[in-house]
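[1] When you get a sec, could you give me coordinates for this:
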Amino acid sequence: MDKITIVIADDHTLVREGTRQRLEREDDLEVVGEAADGEEAVRLVNELKPNVAILDVAMPNLNGIEAAKQIKKTQPGTAVLALSAYDDDEYIYALLEAGADGYLLKNVRGQQLVDAIRDVWAGEMVLDPHVARKVVQWFSGNIGFHHIHHLSPRIPNYFLEKCYRENAPLQTKQFSGQAGSSVWLDWYDLPEVHDAEARLSRLTAWVLAAEHAARPFSLALPGVALPAGQGRDHRRTALTALALHVESRG
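    Numbering: from 1, shown residues only. All right, here's what the predicted structure looks like:
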């Protein structure tokens, strides 16, 4: 079995050592390099071409945002996972715009980090639930609720279910396949996830992953359907709809 190779970039030696020790307990993970600043992180990624680069945000010489931009430009096959103590809006959105495949906070449990590494390498986008909620709240406030008219009219659930069956939706965690083909994202397509905030986190990640993969997507929520589309406005409308739906559930 091929191991997932990893470069860890953090300016705190203790964090790097602790992260390495936790990851190397897994048979399928291998830490191939460590960097103490952003410039070294970019150099190591270009030299070692790891599957995943774990980046701190606040690093000397070159911060994690700029490092992520350079890595995605020179090594687009390397998944970038931000691991930060900061949940400031400016850091979150800058990292996502730079092409990061995930954003976790440093209070994450070891197993959650392990799972996130596997997920981003498999092509999923991973967001800490707190970060996911910030994303949708920001888009909601940034657009204004009046923009919800971009959504199709509210329609009965039985019609959504009919559309779901007839569209034969893809496995929504997989964004490979025919370029340009539409992905169907459904609130009900998460039978194992019962918590509304967890569903919000998963669907937000899928919306962003579909955009990163340049795949058009439809979104189905109870009573609301967003037709297939892509681009920044479509993404913002989808995230606004998600925010409104979760808020309406209390």
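
[2] okay, CA-based contacts and neighbour counts for the rest of this
    Noted.

[3] quick check: domain ranges of this structure?
    By the record's domain assignment, the chain is partitioned as 4-126, 137-248 (automatic domain parsing).

[4] mind putting the ones you listed in a markdown table, mean neighbour count included?
    Converted to a markdown table, these look like this (neighbours: other CA atoms under 10 Å):
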| stretch | mean neighbour count |
| --- | --- |
| domain 4-126 | 19 |
| domain 137-248 | 17 |
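
[5] Now render these as TSV, adding mean pLDDT.
    Shown next, in TSV, are the domains of the chain (pLDDT from 0 to 100):
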stretch	mean pLDDT
domain 4-126	92
domain 137-248	60
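
[6] any idea how far residue 111 lies from residue 80?
    Distance from residue 111 to residue 80, counting by CA to CA, to the nearest Å: 18 Å.

[7] where exactly do the strands run in the protein?
    Remark: strands assigned in the chain by DSSP state E are 4-9, 29-35, 52-55, 79-84, 102-105, 126-127, 183-186, 217-221, 224-229.

[8] Distance to residue 208 added to these, as JSON lines?
    Below are the strands of the chain laid out as JSON lines (distance: least, CA to CA, whole Å):
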{"stretch": "strand 4-9", "distance to residue 208": "23"}
{"stretch": "strand 29-35", "distance to residue 208": "25"}
{"stretch": "strand 52-55", "distance to residue 208": "18"}
{"stretch": "strand 79-84", "distance to residue 208": "14"}
{"stretch": "strand 102-105", "distance to residue 208": "10"}
{"stretch": "strand 126-127", "distance to residue 208": "10"}
{"stretch": "strand 183-186", "distance to residue 208": "12"}
{"stretch": "strand 217-221", "distance to residue 208": "10"}
{"stretch": "strand 224-229", "distance to residue 208": "13"}
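
[9] Which one, of these, ends up nearest to residue 21?
    Of all the strands of the chain, it is strand 29-35 that lies closest to residue 21, at 9.2 Å by CA to CA.

[10] Show me what that closest one pairs with in its sheet, parallel or antiparallel.
    Within its sheet, and counting by DSSP bridges, strand 29-35 is paired with strand 4-9 (parallel).

[11] Just give me how far the strand it pairs with sits from the chain centre.
    Computed by CA atoms, centre = their mean, to the nearest Å, the chain-centroid distance of strand 4-9 equals 18 Å.

[12] Next: stretch 94-109.
    Here stretch 94-109 is found 8 Å from its chain centre; the criterion is CA atoms, centre = their mean.
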